[in-house]
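Enquirer: turn this into a model:
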Amino acid sequence: MQGVGSTVRIECFAATCTQQGRTLNEDAFLIGRGERPFAALCDGTGNVEQAARRVLRLFERLLNESTPERIAEAGTWTRWVKLLDSALLGGAQSTFLAVTFAANEAVGVAVGDSRAYLINREGQCRIVNQGASKHLLGSGQAHPFLIRLTLSAGDIVLLLSGGAWTPLNLHLLQKTVVSAALKRFSEMPAAVLDAAGPTGKADDMTAVAVRLVR
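Expert: Presented below is the predicted three-dimensional model:
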């Protein structure tokens, strides 16, 4: 899947699988394309109204009602996190990880322990939201970790739910991503999940991979 806008072109693919022995997947992801492509991932802690999917529906509405100028502002994401936190208050909770793309910049936010990684075109890998608060949306204590990255063509942004990143150390993740990037980029999310759960899946796992083409 590709997102094409006036100033940015990305490739974006995702894969998800449920915890072994279960049928309900509490993870959810959303990919959008248009003037400002985006990728978002949520990891719910309960199935009350399927919290993760509810967060993504609300986020998509907020995004569609905003403007590119406002989306680029840190204050916009802070307000959105407060709204999403309030929307889930008293029910099931969820992580929230979203990144939008314009020109050579990625802007977004992280809440909870889902992780964003940047793997540059040289293969160097780092955690983007290191130090983010563990409080989830719906806790009443959600605190936004703002994301702003300058990207070059070939750079990869990887979004992983807790079940996907927990089994992977940084070295194994880097090795998996670099190897998959040499093949079909569409297969990268599945390759990451295969590396994370070779002997069984202790939790739902989701991976979203985005690569800047131009």
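Enquirer: what ranges do the strands span in the protein?
Expert: Taking DSSP state E to define them, one finds strands in the chain at 2-4, 9-17, 27-32, 38-43, 96-102, 105-111, 115-119, 125-127, 145-150, 156-160, 205-212.
Enquirer: now render the ones you listed as a markdown table, adding mean pLDDT and distance to residue 69.
Expert: C-beta: built from backbone N, CA, C; applies to glycine. Below are those laid out as a markdown table (pLDDT from 0 to 100; distance: least, C-beta to C-beta, whole Å):
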| stretch | mean pLDDT | distance to residue 69 |
| --- | --- | --- |
| strand 2-4 | 38 | 19 |
| strand 9-17 | 92 | 20 |
| strand 27-32 | 94 | 18 |
| strand 38-43 | 96 | 16 |
| strand 96-102 | 95 | 10 |
| strand 105-111 | 96 | 11 |
| strand 115-119 | 97 | 23 |
| strand 125-127 | 96 | 29 |
| strand 145-150 | 96 | 15 |
| strand 156-160 | 97 | 22 |
| strand 205-212 | 95 | 21 |
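Enquirer: out of the ones you listed, flag the one nearest residue 82.
Expert: strand 105-111 (10.6 Å; C-beta to C-beta).
Enquirer: and that closest one, what does it pack onto?
Expert: helix 74-88, strand 96-102, strand 145-150 (3 or more C-beta pairs under 8 Å, 6 or more residues apart in numbering; DSSP states H and E).
Enquirer: highest average neighbour count across the ones you listed?
Expert: strand 96-102 (a mean of 25; mean count of other C-beta atoms under 10 Å).
Enquirer: that one - contacts with which helices or strands?
Expert: strand 38-43, helix 51-64, helix 68-71, strand 105-111, strand 115-119, strand 156-160, strand 205-212.
Enquirer: who does the last one pair with, and is each partner parallel or antiparallel?
Expert: By that I understand strand 205-212. strand 9-17 (antiparallel), strand 156-160 (antiparallel) (DSSP bridges).
Enquirer: and for the shortest one, what's in contact with it?
Expert: Contact partners of strand 156-160, identified using C-beta atoms under 8 Å, 6 or more residues apart in numbering, comprise 29, 39-41, 97, 99, 106, 114-120, 128, 149, 151, 168, 173, 177, 181, 188, 192, 206-212.
Enquirer: quick check: residue 34 vs residue 101, distance?
Expert: As defined by C-beta to C-beta, to the nearest Å, residue 34 lies at a distance of 11 Å from residue 101.
Enquirer: re the thing from before, wait, which of the strands of the chain is closest to residue 56?
Expert: strand 27-32 (4.5 Å).
Enquirer: who does that closest one pair up with?
Expert: Strand 27-32 pairs in its sheet with strand 38-43 (antiparallel), by DSSP bridges.
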